[in-house]
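# Below is the sequence, then the predicted model.
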Amino acid sequence: MPELPEVETVRRSLEPFLVGQTITQVEVREPRLRRPLPSEFAGTLTGRTIRAIDRRGKYLHFQLDDQQIWLVHLGMTGQLIIEAHAVLPLAHDHVRVALSSGQHLRYNDPRRFGLMVVGTAAEIEAVTKLGHEPLGKKFTTSYLVATAQRTQRTIKDVLMDQRVVAGVGNIYASELLFRAGVRPGRVAGTLARAEIERIVKMTKTVLQEAIRHRGSSISDYRDGEGKEGGFQQRFRVYDREEEPCRTCRTAICRETRGGRSSFFCPTCQQ
DNA sequence: CGCACCCCCTGCCGGC
DNA sequence: TGCCGGCAGGGGGTGC
């Protein structure tokens, strides 16, 4: 569910509550996430202090003592929610963390597509294998042109490949391609440089705008305090099949490839 | 190696 | 009302 803007919003919302806190107790109620949590997971986290919270792509990095990183990926339905006090476990609360402040952090994830790993930076890198940050300086037109030229995949598939650029998912891929005026099904290598340039620019614009609106809440996304985002009200194409394009009133089209939907305006996008 | 397909899991929604 | 199929923001493994 959560893409870069949602993960960044969660990071910002948790930061004031968690940085400087020591983990006093960890309860694993369901270890069967995308990768089973090892038996030593709780012991490894207990007693450590959270020095900072960083984000890389759709992953959160809780920086701990001794160069260790607690890596968290929210999958489709994962939530990290801070509670002022211990509360009774809710359905799908798989991991619960008590903090020195007396507050508690719940990891709730109905579909269990999320991931947690504790390890060094090198170990985390081997797990995540991410490309450039879309909002960073290295994500440039030249980089995306070069990447697009050595693949037969569609531009949307390339943008959603986390090894190419880290953090774009199904919603923002459709939204940024609308703004760039490029159809999601175009083969990446056939795009003109000017089109790639618009795509790179709109990737940054749309992600920044979505962060400003605290992400998109379709059904279950919430930030660390349980608050909804607002960017879903600004979607131009995502989940708007048959609805009029906000620019030209043409009906928005939906296409499915590999089980995932793409949305676009057949008039505004070539 | 690149890519298409299928799977993982639960919940919800629409149609019959 | 109830059941069933399809779909959902994620990623990974397999086999061609």
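Cool, got the structure. Worth saying up front: this structure is predicted, and the values here are computed from it rather than measured. Residues are numbered from 1 along each chain as shown, chains lettered A, B, ... in the order given.
# isn't residue A:265 right up against residue A:244?
No. Using CB atoms under 8 Å, residue A:265 is not in contact with residue A:244, being 9.3 Å away. C-beta coordinates here come from the backbone N, C-alpha and C atoms, glycine included.
# Report the set of residues contacting both of these two.
Taking CB atoms under 8 Å, 6 or more residues apart in numbering as the contact rule, residue A:265 and residue A:244 both touch A:250, A:252.
# between the two, who's got more neighbours?
Between residue A:265 and residue A:244, counted using other CB atoms under 10 Å, residue A:265 has the larger neighbour count: 22 against 12.
# Show the contacting residues for the more buried one.
Applying CB under 8 Å, 6+ apart, the residues near residue A:265 are A:178, A:236, A:237, A:245, A:247, A:248, A:250, A:252, A:253.
# The second one contacts residue A:179, correct?
Yes. The pair formed by residue A:236 and residue A:179 meets the contact definition of CB under 8 Å, at 7.2 Å.
# quick one: secondary structure of the closest residue to residue A:261 other than its chain neighbours?
Using CB to CB, 6 or more residues apart in numbering and skipping residues adjacent in sequence, the residue nearest residue A:261 is residue A:254, 5.4 Å away. Going by DSSP: H, G, I helix; E, B strand; the rest coil, the secondary structure assigned to residue A:254 is strand.
# Return the residues in contact with residue A:254.
So residue A:254 contacts A:241, A:261, A:262, A:263 (CB under 8 Å, 6+ apart).
# what's the helix or strand for the last one?
I take that to be residue A:263. In the assignment (DSSP states H and E), residue A:263 maps to strand A:260-264.
# what sits up against that strand?
So strand A:260-264 is in contact with A:156, A:170, A:173-174, A:177-178, A:183-185, A:237-241, A:252-256, going by CB under 8 Å, 6+ apart.
# Pick out the residue in chain A sitting closest to DNA strand C.
residue A:169 (1.6 Å; CB to the nearest atom of the strand).
# wait, that residue sits on residue A:3?
Yes. The pair residue A:169 / residue A:3 is scored as a contact, 3.7 Å apart, by CB under 8 Å.
# Mind listing the shared neighbours of these two?
residue A:58.
# The stretch 151-270 of chain A against DNA strand B: which residues are in contact?
A:151, A:152, A:153, A:157, A:219, A:257, A:258, A:259 (CB under 7 Å from any atom of the strand).
# and these, which are buried?
Those of these that meet the buried threshold are residue A:157, by 16 or more other CB atoms under 10 Å.
# List, one by one, the residues from the stretch 51-200 of chain A near DNA strand C.
A:57-58, A:73, A:75-76, A:111, A:113, A:127-129, A:160, A:162, A:169-171.
# Okay, helices next: where are they in chain A?
Per DSSP state H, chain A carries helices over the ranges A:4-18, A:41-45, A:121-128, A:141-149, A:155-159, A:170-180, A:193-212.
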